[in-house]
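Trainee: just to be clear, the model below is a prediction. Sequence and coordinates:
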There are 2 protein chains.
Amino acid sequence: MEATRWLDEREDRAWRGYRRMRRLLDLELARELTQDASLSEPDYDVLSDLSETPQGRLRLSELADRMLWSRSRLSHHLTRMQQRGLVTREECPDDARGAIVVLTPAGRNAIEAAAPGHVTAVRQHFLDLLTPAEVEALGAFTHRVVDHLAQSRAPRPRRGRES
Amino acid sequence: MEATRWLDEREDRAWRGYRRMRRLLDLELARELTQDASLSEPDYDVLSDLSETPQGRLRLSELADRMLWSRSRLSHHLTRMQQRGLVTREECPDDARGAIVVLTPAGRNAIEAAAPGHVTAVRQHFLDLLTPAEVEALGAFTHRVVDHLAQSRAPRPRRGRES
DNA sequence: GGCGATTCGATGACATGTCAACCAAGACGC
DNA sequence: GCGTCTTGGTTGACATGTCATCGAATCGCC
């Protein structure tokens, strides 16, 4: 039970800035996305991940893993997107339990129409405000943090006895 | 209608890393908070902002502005927190429309019990993984981005004719 | 081949967040 | 003081996310 190491001034400034930036950036990007493309950020992410695959199709669980979403959340969200005609579900040939999420032509159109504006917004409100060195540093430390966090949530060894 | 400037490799790495880190960090911090202190992140933020004021009391709208929350969201959330005894509402003496949010002793206890663990988690999963230079850079560019975004959403001048 | 354990995805109940009214009260012009 | 406009906060309807549970299918092991 060590004494807590509180944040010093520099750390506090970084942590507050990070959270405030997140929030404002989210608000602005979401605002532009709905306005220009009638998509929410989650919609955009789903479509974006799907469109990055050669066929625009992914196993539901695979998509959920990539997005770090629960299967439940994705299933609910897909139901809504399906009603809007952006994606469909197909049966999985090699696993009868499985579902394959498929990008519809309308979904493809939607993401292709939305992407330029979204990327532009990301630049305008974020990346272009950073120096190349800062972008480089951001890439470096975020991946470091991601790797660290991926450890903690790594699937437990099957018969492990770890605490 | 310029051609879209897509992200180059470095930018893409930074942007993906940022979003992935956000998500994983949120999951982990929220997990530890609920487990150790039975608080959600929004709960923690409300209590934290309140406890930073000398009296543990803030006008509702003032709190909403600080948190970048809508009044509606805050009002709903306060209702729930009030039912758990973490905060109360009082009438505002100088503005009969107003409500003052007040930290209860239980709320004070909750944040004081939660803070050490939370700060430790923030260090462990984030800040301590960064070099001092990276922390410094993070503070610098996040504040730059925040200032930029604050511009776009600045309250419009009362009778302005601005585009 | 068969049985228990696990995985996949869907679903319903519930928690949380958003949006558009709404009411009451202050602010302003007169 | 009195109409009108704005502001502060609440509320209800609805969208979204979480959690526990379920049925069906697959896996592992014998």
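Mentor: All right, it came through fine.
Trainee: so in chain A, which helix runs the longest?
Mentor: Secondary structure of chain A per DSSP state H: the longest helix is helix A:9-37.
Trainee: show the subsequent helix or strand relative to that one.
Mentor: Using DSSP states H and E, the next helix or strand after helix A:9-37 towards the C-terminus is helix A:41-51.
Trainee: now the angle from that next one to helix A:9-37?
Mentor: Angle, helix A:41-51 to helix A:9-37, by axes from the mean of the first three to the mean of the last three C-alpha atoms, to 10 degrees: 80 degrees.
Trainee: so is the helix or strand following helix A:41-51 next to DNA strand D?
Mentor: For helix A:41-51, the following helix or strand on the C-terminal side (DSSP H and E) is strand A:57-59. No. Using C-beta under 7 Å from any atom of the strand, strand A:57-59 stays clear of DNA strand D, with a minimum separation of 12.6 Å. Bear in mind the C-beta positions are built from the backbone N, C-alpha and C, glycine included.
Trainee: pull out the buried positions in strand A:57-59.
Mentor: If you call a residue buried by 16 or more other C-beta atoms under 10 Å in any protein chain shown, then strand A:57-59 has these buried ones: A:57, A:58.
Trainee: same check, this time on stretch A:46-56
Mentor: A:46, A:47, A:49, A:50, A:56.
Trainee: residues contacting it, please?
Mentor: A:39, A:57-58, A:63, A:66-67, A:74, A:77-78, A:81, A:86-87, A:101-103, A:107-108, A:110-112, A:114-115 (C-beta atoms under 8 Å, 6 or more residues apart in numbering or on different chains).
Trainee: so which of those residues are in helices?
Mentor: Those of those lying in helices (DSSP H): A:63, A:66-67, A:74, A:77-78, A:81, A:107-108, A:110-112, A:114-115.
Trainee: give me the subset of those residues touching DNA strand C.
Mentor: Among those, the residues that sit close to DNA strand C (C-beta under 7 Å from any atom of the strand) are residue A:78.
Trainee: filter the ones in helices among the contacts of stretch A:46-56 down to the buried ones.
Mentor: Among the ones in helices among the contacts of stretch A:46-56, those buried by neighbour count (16+ other C-beta under 10 Å) are A:63, A:67, A:74, A:77, A:78, A:81, A:107, A:110, A:111, A:114, A:115.
Trainee: ok, which of these also contact DNA strand D?
Mentor: Among those, the ones lying near DNA strand D by C-beta under 7 Å from any atom of the strand are residue A:77.
Trainee: closest to residue B:1 among the buried ones among the ones in helices among the contacts of stretch A:46-56?
Mentor: residue A:115 (14.7 Å; C-beta to C-beta).
Trainee: pick out the residue closest to the middle of chain A.
Mentor: Centroid-nearest residue in chain A, with C-alpha atoms, centre = their mean: residue A:67, separated by 5.1 Å.
Trainee: how close does that residue sit to DNA strand C?
Mentor: Here the criterion is C-beta to the nearest atom of the strand, to the nearest Å. By it, residue A:67 lies 12 Å from DNA strand C.
Trainee: could you do residue A:93 as well?
Mentor: Relative to DNA strand C, and taking C-beta to the nearest atom of the strand, residue A:93 is found at 12 Å.
Trainee: confirm that that residue sits in a strand.
Mentor: No. Under DSSP: H, G, I helix; E, B strand; the rest coil, residue A:93 falls outside any strand and is assigned coil.
Trainee: and for it, the neighbour number?
Mentor: Look at residue A:93: counted by other C-beta atoms under 10 Å in any protein chain shown, it has 8 neighbours.
Trainee: pretty sure residue A:71 is touching residue A:61, no?
Mentor: Yes. Counting by C-beta atoms under 8 Å, residue A:71 touches residue A:61, with 6.1 Å between them.
Trainee: and residue A:69, that's in a strand?
Mentor: No. Counting by three-state DSSP, residue A:69 falls outside a strand, being coil.
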